[in-house]
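J.: Sharing a sequence plus its predicted fold:
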Amino acid sequence: ETGVTQSPTHLIKTRGQQVTLRCSSQSGHNTVSWYQQALGQGPQFIFQYYREEENGRGNFPPRFSGLQFPNYSSELNVNALELDDSALYLCASSLHSHPRTGELFFGEGSRLTVL
Amino acid sequence: KQEVTQIPAALSVPEGENLVLNCSFTDSAIYNLQWFRQDPGKGLTSLLLIQSSQREQTSGRLNASLDKSSGRSTLYIAASQPGDSATYLCAVGRETSGSRLTFGEGTQLTVNP
């Protein structure tokens, strides 16, 4: 068991709506990263958070935003949802001693469907 | 830009067979390489992590090798079982990129009883 928990597990939204996904990192891990996995594809890096600040971002527009809290849990927010945002959103935690990184542990993901 | 390729995209084998999954990457300046397993609709389970200074890692029936200079890694599964059926993903990380992993598209493995 990885210890990374995500909620909700499934949700359905309509175009233009906003969504918030939540992640609790594994105990002792101070870095959280988010990935988007479209059906049949490998996960794509969205961004990571370290010490409550965004510390690296992939090729995603600003309507994808996030937060990390003092207890290292995290949120992913997506505004103005588009059909192509339908995907499995994965959260991963790791113990990060900047700049080196260690093994990533993933949660079970949140399956978002945009209609 | 790092690109990761996994071959084959799908593989079907009879139970008991030994098999090799391949992963290649275009930029050899990696910090580590991680192999994951993903069951349908589920998250990723970490199988093996190889640091750039290492050549291989083993866990049970799994052995992963890394040849950084040639941009290749292989995952060897011994005595395959139906429970090994899943998608196997390879991902590489760079030292300066924190938790940013670049993934391949995976190999979908089916082990037939």
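T.: Great, that's in hand. Residues are numbered from 1 along each chain as shown, chains lettered A, B, ... in the order given.
J.: if I pick residue A:35, what's in contact with it?
T.: Contact partners of residue A:35, counting by Cβ atoms under 8 Å, 6 or more residues apart in numbering or on different chains, are A:43-46, A:89-92, A:106, B:101. Heads up, the C-betas are built off the backbone N, CA and C, glycines and all.
J.: correction: residue A:25
T.: Taking Cβ under 8 Å, 6+ apart, one finds A:3-4, A:31-32, A:72-74, A:91, A:93 in contact with residue A:25.
J.: Looking at those residues, which is nearest chain B?
T.: Of all the contacts of residue A:25, residue A:31 has the smallest distance to chain B: 5.4 Å, by Cβ to the nearest Cβ.
J.: coming back round to it: buried only: go through the contacts of residue A:25 for me.
T.: The neighbour-count test (16 or more other Cβ atoms under 10 Å in any protein chain shown) marks A:4, A:31-32, A:72-74, A:91, A:93 as buried among those.
J.: Could you tell me how far the helix or strand hosting residue B:33 lies from the centre of the chain?
T.: Here residue B:33 sits within strand B:32-38, counting by DSSP states H and E. Mean C-alpha position of strand B:32-38 versus that of the full chain (Cα atoms, centre = their mean, to the nearest Å) differs by 5 Å.
J.: Can you tell me the strand partners of that strand and which way each runs?
T.: strand B:44-51 (antiparallel), strand B:86-93 (antiparallel) (DSSP bridges).
J.: end-to-end on stretch B:102-113?
T.: Terminal residues of stretch B:102-113 are spaced 33 Å apart (Cα to Cα, to the nearest Å).
J.: list the contacts for whichever residue of chain B sits closest to chain A?
T.: Residue nearest to chain A within chain B: residue B:103 (3.4 Å; Cβ to the nearest Cβ). Neighbouring residues of residue B:103 by Cβ under 8 Å, 6+ apart: A:42-44, B:4, B:89-91.
J.: among the strands paired with strand B:32-38, which gets the worst mean confidence?
T.: The stretch with the lowest mean pLDDT among the strands paired with strand B:32-38 is strand B:44-51, at a mean of 92.
J.: Now do the same for the residue of chain A found nearest chain B: helix, strand or coil?
T.: Across chain A, the shortest distance to chain B (Cβ to the nearest Cβ) belongs to residue A:42, at 3.4 Å. Here residue A:42 is recorded as coil under DSSP: H, G, I helix; E, B strand; the rest coil.
J.: how about the nearest residue to it, chain neighbours excluded?
T.: Take residue A:42 and drop its neighbours on the chain: the residue closest to it by Cβ to Cβ, 6 or more residues apart in numbering or on different chains is residue B:103, 3.4 Å away.
J.: Tell me the bridge partners for that neighbour.
T.: residue B:91.
J.: can you give me the strands in chain B?
T.: The residue ranges that make up the strands of chain B, judged by DSSP state E, are B:4-7, B:10-14, B:19-25, B:32-38, B:44-51, B:56-59, B:62-67, B:72-77, B:86-93, B:101-103, B:107-112.
J.: need the ones you listed in TSV with distance to residue A:37, can you?
T.: Shown next, in TSV, are these (distance: least, Cβ to Cβ, whole Å):
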stretch	distance to residue A:37
strand B:4-7	14
strand B:10-14	18
strand B:19-25	17
strand B:32-38	9
strand B:44-51	9
strand B:56-59	24
strand B:62-67	22
strand B:72-77	19
strand B:86-93	10
strand B:101-103	8
strand B:107-112	14
